[in-house]
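A.B. asks: Build the 3D model from these lines:
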Amino acid sequence: MNKEDLLDYITIFDLDWSVWVKLLLMILLVVLIGVAIYDRFIQRKNQLLINFPLIGRLRYFFYLLRNPMRQYFGDETFYDSFEKIEWINKSARKENPYLSFSPSKPYGNQKILFKHANFVKEVDEVDKELSVVFGEKRKIPYVSKSIIGRSAMSDGAISPEGTRAFSIGSFRGKFPINTGEGGLTSNFFAPLNLQDCSSPCLEIKKGTWFARMVYRILRFITNKEVSQRVYKKMVIRQKDIGTFIFDNKKLVYYRINWTKPLEQFPPMVPTGLPDIILQIGSGLYGVRDANGEFDEERYKKVMRFCRMTEIKLAQGAKQTGGKLLAEKVNADIAYYRGIPAHQDLISPNRFPFAQDMETFFDFISRLQALSDKPVGFKIVISTKDDFEDYAKAMKQRKEEGKSITDFLTIDGGDGGSATAPLEMMSKIGLPIRESLRIVDEVLTQYGLRDEIKIIAAEKVLTPDDVVELLCYGADFINIARGFMISAGCIRARECSGAGGRNCPVGLATMDPIKRSRYLVLQKGKHVANYHNELIYGVRSLLAVMGKSNTSELGMDDLIYHN
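C.D. replies: Purely as a prediction, here's the structure:
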């Protein structure tokens, strides 16, 4: 092309801006006409679009924005008041969470208030260490360092990066974390360094000198997230990339090799791990063999890293087996759970060892003997009579010299779930407060209350929620959505991955692009900050109520307000 031709070619594009605008408008008009013709005369799946081409599509556009945008323009009725959500976000960022004025409706729909002491205490006079002892009769009881824990969330339902952030937050905040029914995965080991656990059960991958040099250079000019991502691709095979954890001190990757013999697993929980509560669901994920049956040896290996076991019989909004859609069942999750990848994972409704009371409690005793650690189970209460069936069975076992459960996790019928049938979300199970009254009363009546700790869970967000459930009889509080919000959840309600719509922040999705942008280390700090502010808020409430410890709380500390 000679000079004259080149100038002619450039001149073609050297147009006035108004011409470009007209061209773009013409293109847009052609596209809209094409869509209108398609809607009116070609497609025969949507009646609305036949009658209202183009305009009808606005309905679906705004409908698409309804959930993600709801919290910005509507009342926070689904997650409680806006002030509570803001309190969580400020606490997570370590900002001052105090309000300048009371909420717009100071009492709102609250029917229960706390009694103010005639002579209050200073916060420093309240016990700094609030803890609970689980399984006092077990060989290895669990003494929690907090009265608050992160409720069950499976790795897989939560992204691997999200699980790592929660684990780091749990370790920093010194509160326990429940694995969820997905079982124990490498991501719960995120805070662990090899200097805290040099066990031969670990499979270790070390990068070449070139890979380590690349990591150090990237670490210097970028940040930890980017440098680790690149380094991991250089060290780990693609099919295994999601199952290894990074040791930032020795610059190696490691994971548990479950095929190693039990003798090669650490006899005690390594000091670098958070306090992990293993949950076993109806699918027996993480403690099953190749045939899907309970594997005693695998369970004993897993419990070398966990503090106690929770069997999930039921969960608030999800009275069925767990549901993980195919969009989330990637190769890593298939590896951890021992199931096919890229298929919907629907767990059985019934726990395999829960055909009757005797079979169920025999299985609990079996787990206690295998682990020497506390074992409990999670249920939802429907009626007092139904719960009495459990109490009668445990009382009989106690009289026969057999072991009983060490704790009960009571989930309110309004408890949340990312993937649950709509018809079950608010129609099955009693709310948590009524459930706690029944459980506390029945266990006391049958002489079992002193031996069984009660964990409560249902829509707990702020310190006043915690104190209220403690007054109703709970010993310990599990929190899910509050921790989710502290870890970055914006309440878009796209956790399930259905229809290709994924969590926009990368917290509850297996979408690789969104996951890669999730700030693991920052969110781990935010999770710990939220927990610490919760504990401080609880101690502040105890002070004005004249209490030194949560064990002093009871129903007499509540005022019923009409």
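
A.B. asks: neighbours of residue 262, just the number please.
C.D. replies: Residues near residue 262, counting by other CB atoms under 10 Å, number 12. Any C-beta I mention is one placed from the backbone N, CA and C, and that applies to glycine too.

A.B. asks: Over to residue 18?
C.D. replies: A count of nearby residues for residue 18, using other CB under 10 Å, gives 8.

A.B. asks: ok, residue 163 - contacts?
C.D. replies: Residues in contact with residue 163 (CB atoms under 8 Å, 6 or more residues apart in numbering) are 153, 155, 185, 187-188, 190.

A.B. asks: which SSE is it in?
C.D. replies: helix 160-173 (DSSP states H and E).

A.B. asks: How about residue 85?
C.D. replies: Assigned by DSSP H and E, residue 85 falls within helix 82-92.

A.B. asks: so what secondary structure elements neighbour that helix?
C.D. replies: Counting contacts by 3 or more CB pairs under 8 Å, 6 or more residues apart in numbering; DSSP states H and E, helix 82-92 packs against helix 481-486, helix 520-544.

A.B. asks: Just say which of these is most tucked in.
C.D. replies: Most buried of the helices and strands packed on helix 82-92, by mean neighbour count (mean count of other CB atoms under 10 Å): helix 481-486, with a mean of 27.

A.B. asks: Identify the residues contacting that helix?
C.D. replies: Under the criterion CB under 8 Å, 6+ apart, residues 79, 85, 88-89, 91-92, 150-151, 153, 166, 169, 416, 459-462, 489, 491, 507-508, 523, 526-527, 529-531, 534 lie in contact with helix 481-486.

A.B. asks: re earlier: strands - which of the contacts of residue 163 land there?
C.D. replies: Among the contacts of residue 163, none falls in strands (DSSP state E).

A.B. asks: Residue 122: neighbour count?
C.D. replies: Around residue 122 there are 7 other residues, counting by other CB under 10 Å.

A.B. asks: ugh, typo on my part, it should be residue 114
C.D. replies: By other CB under 10 Å, the residues close to residue 114 number 17.

A.B. asks: Give the residue spans of the protein that score low on pLDDT.
C.D. replies: Along the chain, the model assigns pLDDT under 70 to residues 1-16, 67-80, 99-110, 316-331, 334, 338-346, 413-427, 495-500, 562.

A.B. asks: Repeat the analysis, applying 50 as the threshold.
C.D. replies: Applying pLDDT under 50 to the chain flags residues 7, 10.

A.B. asks: Pull the residues that contact stretch 256-265.
C.D. replies: Here stretch 256-265 has contacts from 186, 189, 199-203, 297-298, 300-301, 304-305, using CB under 8 Å, 6+ apart.

A.B. asks: which of these are buried?
C.D. replies: Among these, those classed as buried by 16 or more other CB atoms under 10 Å are 186, 189, 199, 201-203, 298, 300-301, 304-305.

A.B. asks: These in strands, which ones?
C.D. replies: Among the buried ones among the contacts of stretch 256-265, DSSP E puts 202-203 in strands.

A.B. asks: ok, the buried ones among the contacts of stretch 256-265 vs residue 513, which is closest?
C.D. replies: Each of the buried ones among the contacts of stretch 256-265 was checked against residue 513 using CB to CB; the closest is residue 186, at 21.5 Å.

A.B. asks: tell me the contacts of the closest one?
C.D. replies: Neighbours of residue 186 in contact, by CB under 8 Å, 6+ apart: 243-245, 255-256, 336.

A.B. asks: Distance to residue 62 added to these, as JSON lines?
C.D. replies: Below are the contacts of residue 186 laid out as JSON lines (distance: CB to CB, whole Å):
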{"residue": "243", "distance to residue 62": "41"}
{"residue": "244", "distance to residue 62": "43"}
{"residue": "245", "distance to residue 62": "43"}
{"residue": "255", "distance to residue 62": "45"}
{"residue": "256", "distance to residue 62": "48"}
{"residue": "336", "distance to residue 62": "39"}
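
A.B. asks: Please narrow those to those residing in strands.
C.D. replies: Per DSSP E, strands hold the following members of the contacts of residue 186: 245, 255-256.

A.B. asks: Using TSV, lay out these together with neighbour count.
C.D. replies: Shown next, in TSV, are those (neighbours: other CB atoms under 10 Å):
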residue	neighbour count
245	23
255	21
256	22
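
A.B. asks: can you list contacts of stretch 383-390?
C.D. replies: 357, 379, 381, 438-439, 441-442, 446.

A.B. asks: Stretch 232-244 now?
C.D. replies: Residues from elsewhere that reach stretch 232-244 (CB under 8 Å, 6+ apart): 160, 185-186, 205-208, 211, 214, 246, 253-255, 330-332, 335-336.
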